[in-house]
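# Coordinates for the following, if possible.
(2 chains)
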Number of protein chains: 2
Amino acid sequence: MRFEMKKLFLSGCFFLLAASLYSQSPDVLQIRKYHTSHQREIMNEFVSFLSIPNIASDTSNIGRNAGFIMEMMRKREIKQVQLLSPVTTGAPPVVYGEVIVNNAFPTLIFYAHYDGQPVNPAQWAPGLEPFVPRMATGLIAEDGHLFLFQATESSYNSEWRIYARGVSDDKAGVVAILNAYDAIVKSGLKPSYNIKFFFEGEEEAGSPHLNEILEKYSSLLQSDLWIICDGPVHQSGRKQVVFGVRGDAHLDLTVYASKRPLHSGHYGNWAPSPAMMLVKLLSSMKDERGKVMVKGFYDDVVPLAAAEKKALKEMPQVDEQMKKELGIRWNEMPGKTLGESINLPSLNINGMQSGNVGKMASNQIPSTATAVLDLRLVPGNDWQKQQQKVIDHIRRQGYYVTDHEPTDEERSRYNKIIKVIAGTDGYNAQRTSMDLALAKTVIKAVKNTTTDQVVLMPTMGGSLPLFLIEKYLKAKTITVPIANHDNNQHAENENLRLLNLWNGIETMAALMLMER
Amino acid sequence: MRFEMKKLFLSGCFFLLAASLYSQSPDVLQIRKYHTSHQREIMNEFVSFLSIPNIASDTSNIGRNAGFIMEMMRKREIKQVQLLSPVTTGAPPVVYGEVIVNNAFPTLIFYAHYDGQPVNPAQWAPGLEPFVPRMATGLIAEDGHLFLFQATESSYNSEWRIYARGVSDDKAGVVAILNAYDAIVKSGLKPSYNIKFFFEGEEEAGSPHLNEILEKYSSLLQSDLWIICDGPVHQSGRKQVVFGVRGDAHLDLTVYASKRPLHSGHYGNWAPSPAMMLVKLLSSMKDERGKVMVKGFYDDVVPLAAAEKKALKEMPQVDEQMKKELGIRWNEMPGKTLGESINLPSLNINGMQSGNVGKMASNQIPSTATAVLDLRLVPGNDWQKQQQKVIDHIRRQGYYVTDHEPTDEERSRYNKIIKVIAGTDGYNAQRTSMDLALAKTVIKAVKNTTTDQVVLMPTMGGSLPLFLIEKYLKAKTITVPIANHDNNQHAENENLRLLNLWNGIETMAALMLMER
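Next up, the predicted model:
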């Protein structure tokens, strides 16, 4: 007990010492001075950028986004500005640029992506359109109210938010990185590393051409470390440094019953219901406590290292705060914290549909029922093997599994028929060791920008195809996210809190200026 | 054994005798001659009628439909043409007309409805729009191909189909009834009953004002029998006379989890999934064989009378034919025929949705999951009691049931929260005795129009608020449907086979001409 007290006292002293050493360094204060006095131009440029729709499949607008970023780079006198295109034509290009300070210096690559998640405008709140950026005085789900962006404002309240698709995921990353570099140069400072900029255009589509691009441009992309600027900061509001990402894989399921929708009066009680078949199937995949019941689902997981376990333990426990904020009273896998849960593979229903609900509902027995599952992976999982485990589970529930709409012959042979499309865009998890020298420098630099604790996270919840960087470039990656955690990323009403943008610029600048 | 043989022989003789007595009566042949030589004008009028959108909530177009029907009646010199409106303003009116042949004669009321089911145009086949009628050479799901309607055609192939919302359910009823009367008059015949026409405009919305209208106009609506022209003929293609309908009630369920959609990477494995909660709940409602597991669900059912059991037994067994046609290999409640299943209450998922599927799918944990259930009822069931049984079942699964979006306070108190909206548009089943004198006359008249067996059905699968007619007018009802069974009623690609229209005109005329 006494020993524990002493340890607590010592770590308290260490914390005070660390805070005084690292926080509010002169460089960071210079960067802050710069962005504070240039809010108008930063915001105007950002809002123009957000007005360009950025769904990866929308080739024409993706081209406009890429052009906009090239122009942003040229204005900042970044060199070698160019598009990196895969061998496959038509795919969204990477926008590349570089600043070689000194050939003897090590090189950092700053990554963000400019494409956004697919969007259903009808689901956005009244007054919001995904590609017409709007300001709000706060989170509109709480007491924030919307108002029009004023291009002539010279200063914006830090608690205000911008609402638009891609604002936080991940155009904020592009904007923070480029303005961080701008701030350094305009403040008369100099990056202490060579810097390469790498802005991807189809991350939300699963980065299907990233491998081609990394392979094709492998000599251009030589570096010592990639800094990935994507995702939200910690739910406590603190900055975080993330050393790994979950992998991801998808399955699209369609259960087939009658060839045509049937009148539920004439056939209800007799015709098989694809909706009822699907709910029984999905229901079999998890128990009441959220544990995945698919055989072998938790096998293959690589245990956490000592430093990683320690980091997990030191993370602020946000579970209760998050539950309150989200209006929920329980969590799946009771007994495990959010941080622990993220270090296990998961199975999630992204969406499901059969027939219609609401005003379009009609008295029918639908002919099909569909669900989209995503499987999140941790180090040790192979994404295709994980998909296969679920497919095997479906077969064990008595289903005939096809990859096409069933033929009459198949319909005549099997009671339970399902089409399973195993997404080909999956990828494995990745994790960089926290014991790496450059990892320690990054941690120090981020701590340098804040008086708060910096959260160190072995694996973040989000997925990025970082294993490709390891595979094609033999380079390590560390993720330094900047968005607010309540940004509605991947859903309707996506938003960015302005303070997170300003803090993000400071963090990115600190990394460009960190000690060698 | 010998006795059985003799019975079979006698009933065979009776059948031959009956066929020669009843089929192809001179009157029916005259009606046939009339509609065969007037196909062009009948079809042109029908297509114009179908071009007017007819969703009950679309007040302006409902008004246009009612006006169109009034004009159809006036052209046929039907008297007392008027709109019967409920006390509540704005609700779709009934279009009424009458032909009093002789005050001493009994009176028949012919019922059909001119409104159609809500429609999602995106779900219709390429080339089809719900309110732009198209012709096809057959069922397009098989080998039928679409072509444009030719207004100048003087004769149409009887196997052709018209595709449009409401074409079979139930504008065909309006058109068959009014052209049957037209054919009688133009053929120099005279109805043997007084006739009243009653065309409802919000049947698909659950007839919420029918009670008001029946009460308000009860003296105008005095009659000896209602003939309900709605629904499809027997799946064997044979004509049928139906003595009862299932009742119907709805429940709208919405399961709530996190207040906002969450990134499935950052929260998957931890945040409760409303989709998974909903599938577990729905899954608990039926067993693998389609039996409803809700406590007491099959209680209260009034057993069938002897004549009804006999009719059920004599019905052509279409189960295997239907399975082949629908591309299914099994049915719910194995061991029971379709006819038997319809005489039991049912629980069906009309639709369910959570998040998005297909191109709009995104890596999220949705915040809600919704399902629409319909409960079909048989004599003995009380619709509100049946709803309550399901609500009680939901509570037994550990849910807190509300009728509103949960408040923060409710969210803080309950793990499992569901909003249940018990539809207020439900109604009970109804059944008219087959032993009634007028029932026997109707059976004879319909048999008179065909050389085929006429199917007698104690209860049809569809639901109509016929109990209201019993309640407010003390009148009996018999349903004589005319649409093809594969009409996609209540779903996309609704269609009518032309032969069913021609046969329907003959059937309706035969009823107007039947013996007193």
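# A:Lys359 contacts B:Pro118, correct?
Yes: in this structure, A:Lys359 is within contact of B:Pro118 by CB atoms under 8 Å, at 6.3 Å. Quick note: C-beta positions are derived from backbone N, CA and C, even for glycine.
# shared neighbours of those two, anything?
By CB atoms under 8 Å, 6 or more residues apart in numbering or on different chains, A:Lys359 and B:Pro118 have these common neighbours: B:Ser57.
# Neighbour count: these two, which is higher?
B:Pro118 (19 against 9; other CB atoms under 10 Å in any protein chain shown).
# Now for the more buried one: which residues touch it?
So B:Pro118 contacts A:356, A:359-362, B:55, B:57, B:204 (CB under 8 Å, 6+ apart).
# Of these, select the buried ones using a PyMOL command.
To isolate the buried members of these in PyMOL, using 16 or more other CB atoms under 10 Å in any protein chain shown:
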select buried, (chain A and resi 356+360+361+362) or (chain B and resi 55+204)
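# Now, the contacts of B:Pro118 that are in helices?
If you go by DSSP state H, those have nothing in helices.
# Let me have the contacts of B:Pro118 in JSON lines, adding pLDDT and distance to B:Ala445 as columns.
What follows is these, written out as JSON lines (pLDDT from 0 to 100; distance: CB to CB, whole Å):
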{"residue": "A:Asn356", "pLDDT": "93", "distance to B:Ala445": "40"}
{"residue": "A:Lys359", "pLDDT": "86", "distance to B:Ala445": "41"}
{"residue": "A:Met360", "pLDDT": "86", "distance to B:Ala445": "40"}
{"residue": "A:Ala361", "pLDDT": "87", "distance to B:Ala445": "38"}
{"residue": "A:Ser362", "pLDDT": "85", "distance to B:Ala445": "33"}
{"residue": "B:Ile55", "pLDDT": "95", "distance to B:Ala445": "34"}
{"residue": "B:Ser57", "pLDDT": "93", "distance to B:Ala445": "37"}
{"residue": "B:Glu204", "pLDDT": "91", "distance to B:Ala445": "28"}
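# where does chain A dip in pLDDT?
A:1-24 (pLDDT under 70).
# Let me see the domain layout of it.
Chain A breaks down by automatic domain parsing into domains covering A:6-243+A:432-512, A:247-301+A:344-422.
# how close does A:Ser219 get to chain B?
32 Å (CB to the nearest CB, to the nearest Å).
# Ok, A:Leu326 next?
A:Leu326 is 4 Å from chain B, by CB to the nearest CB.
# same thing with A:Leu499?
Counting by CB to the nearest CB, the gap from A:Leu499 to chain B is 20 Å.
# That residue and A:Tyr156 touch, don't they?
No: using CB under 8 Å, A:Leu499 makes no contact with A:Tyr156, being 9.9 Å away.
# what about the two, which has more around it?
For the pair A:Leu499 and A:Tyr156, the greater number of neighbours falls to A:Tyr156 (19 against 16), based on other CB under 10 Å.
# picking up where we left off before, go through the contacts of B:Pro118 and name the one nearest B:Ala491.
A:Ser362 (6.8 Å; CB to CB).
# Tell me which helix or strand comes right after the strand or helix carrying A:Arg74.
Using DSSP states H and E, A:Arg74 falls within helix A:59-75. Counting by DSSP H and E, the next helix or strand C-terminal to helix A:59-75 is strand A:79-84.
# mind checking how far A:Leu499 is from A:Thr507?
Separation of A:Leu499 from A:Thr507 (CB to CB, to the nearest Å): 12 Å.
# Can I get stretch A:425-438 in CSV, CA atoms only?
What follows is stretch A:425-438 as a C-alpha-only set of coordinates in CSV (Å, rounded to 0.1, in the frame of the first residue of the first chain):
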residue,chain,number,x,y,z
ASP,A,425,-11.2,-5.0,-50.5
GLY,A,426,-10.3,-6.4,-47.1
TYR,A,427,-6.9,-6.0,-45.4
ASN,A,428,-5.1,-7.1,-42.3
ALA,A,429,-4.4,-5.1,-39.1
GLN,A,430,-1.0,-3.5,-38.6
ARG,A,431,0.9,-2.5,-35.4
THR,A,432,4.2,-0.5,-35.0
SER,A,433,6.3,-1.2,-31.9
MET,A,434,6.2,1.6,-29.3
ASP,A,435,9.8,0.8,-28.4
LEU,A,436,11.1,2.1,-31.8
ALA,A,437,13.4,5.2,-31.4
LEU,A,438,11.4,7.3,-33.9
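# at contact distance from chain B, anything in that stretch?
No: Stretch A:425-438 stays clear of chain B (CB under 8 Å from any CB of the partner chain), getting no nearer than 10.6 Å.
# buried sites along that stretch?
Result for stretch A:425-438 [16+ other CB under 10 Å]: buried residues A:426-432, A:434, A:438.
# next one: stretch A:93-107
Under 16+ other CB under 10 Å, the buried positions of stretch A:93-107 are A:93-99, A:107.
# likewise stretch A:76-88?
Result for stretch A:76-88 [16+ other CB under 10 Å]: buried residues A:76, A:78, A:81-82, A:84-86.
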